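**Q** Requesting a structural model of the entry that follows:
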Amino acid sequence: ANGVTWLLNAEAGDLATFKVRTTAFSDSLPRIRLATSAGALLIEQAGSSDGFATLQAYQFPSPGVYKVTVFSNNTASPFSLLAQHVRGIQLEREDNNLATLADAMSATAQAGGMRAGVGGVLERDSDWHDLGILQPGNTVDMALNTPVNSTLAGASTVLDLFLDGGTIPLATSTGASLLH
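**A** Got it, this is the predicted structure:
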């Protein structure tokens, strides 16, 4: 199948998510193919007739150059590709834009507490992450780090801390950090 191919350098254990959106939503059936630089197929993800295809949180098995190809066996269509590539932190899963779909955070112990990090893209109005069970007296220190030129900065960013199942925030911060 013809398509558009990009090259990606990755290390063993890196994570990547690829999301394709076509503009001709009807029957475009986009596909995402991930292969080694030699062309050996690692995984292929079929999309749907609504014009979306997602390959979520793929973990690279070894260091190297990889090929990401977007194509369709059905109907050609202009498309956009969102690619997220992280190293050493968790990668969010979409859709996590509701409290009931919150991503569980994987934390590691450090002196005096636990630390967790997640990479992702804000596609809708919110992303939710589950911090797990916290004990009375625990401090939560959240910080949002964005790429240069991001529109998520200053007053356009709100961080909320909720109790599990709660609808009213325990703490709210406008800006890139929250301490509670």
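**Q** so what secondary structure elements neighbour the helix or strand where residue 34 lies?
**A** In the assignment (DSSP states H and E), residue 34 maps to strand 30-36. Applying 3 or more C-beta pairs under 8 Å, 6 or more residues apart in numbering; DSSP states H and E, one finds that strand 30-36 contacts strand 15-22, strand 41-46, strand 52-59, strand 64-72. To be clear about C-beta, it is placed using only N, CA and C from the backbone, and glycine gets the same treatment.
**Q** Tell me which strands it pairs with, and in which orientation.
**A** Applying DSSP bridges, strand 30-36 is found paired with strand 41-46 (antiparallel), strand 64-72 (antiparallel).
**Q** buried ones in whichever helix or strand comes after the last one?
**A** So that's strand 64-72. Toward the C-terminus, strand 64-72 is succeeded by strand 79-86 as the next helix or strand (DSSP H and E). Counting neighbours by 16 or more other C-beta atoms under 10 Å, one finds that the buried residues in strand 79-86 are 79, 84-86.
**Q** Flag the shaky bits of this structure, pLDDT-wise.
**A** Low-confidence segments of the chain (pLDDT under 70): 1, 25-26, 94-97, 122-125, 154.
**Q** quick one on the thing from earlier: export the strands paired with strand 30-36 as CSV, with columns for distance to residue 171 and mean neighbour count.
**A** Shown next, in CSV, are the strands paired with strand 30-36 (distance: least, C-beta to C-beta, whole Å; neighbours: other C-beta atoms under 10 Å):
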stretch, distance to residue 171, mean neighbour count
strand 41-46, 38, 13
strand 64-72, 39, 18
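**Q** now those strands in TSV, with distance to residue 57?
**A** Below are these laid out as TSV (distance: least, C-beta to C-beta, whole Å):
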stretch	distance to residue 57
strand 41-46	11
strand 64-72	14
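**Q** Tell me which of these lies nearest to residue 138.
**A** Residue 138 sits nearest to strand 41-46 of all the strands paired with strand 30-36, at 38.7 Å, using C-beta to C-beta.
**Q** How far does the closest one sit from its chain's centre?
**A** For strand 41-46, the gap between its own C-alpha mean and the chain's C-alpha mean amounts to 18 Å (C-alpha atoms, centre = their mean, to the nearest Å).
**Q** and the direction of that strand versus that of strand 52-59, what angle?
**A** 150 degrees (axes from the mean of the first three to the mean of the last three C-alpha atoms, to 10 degrees).
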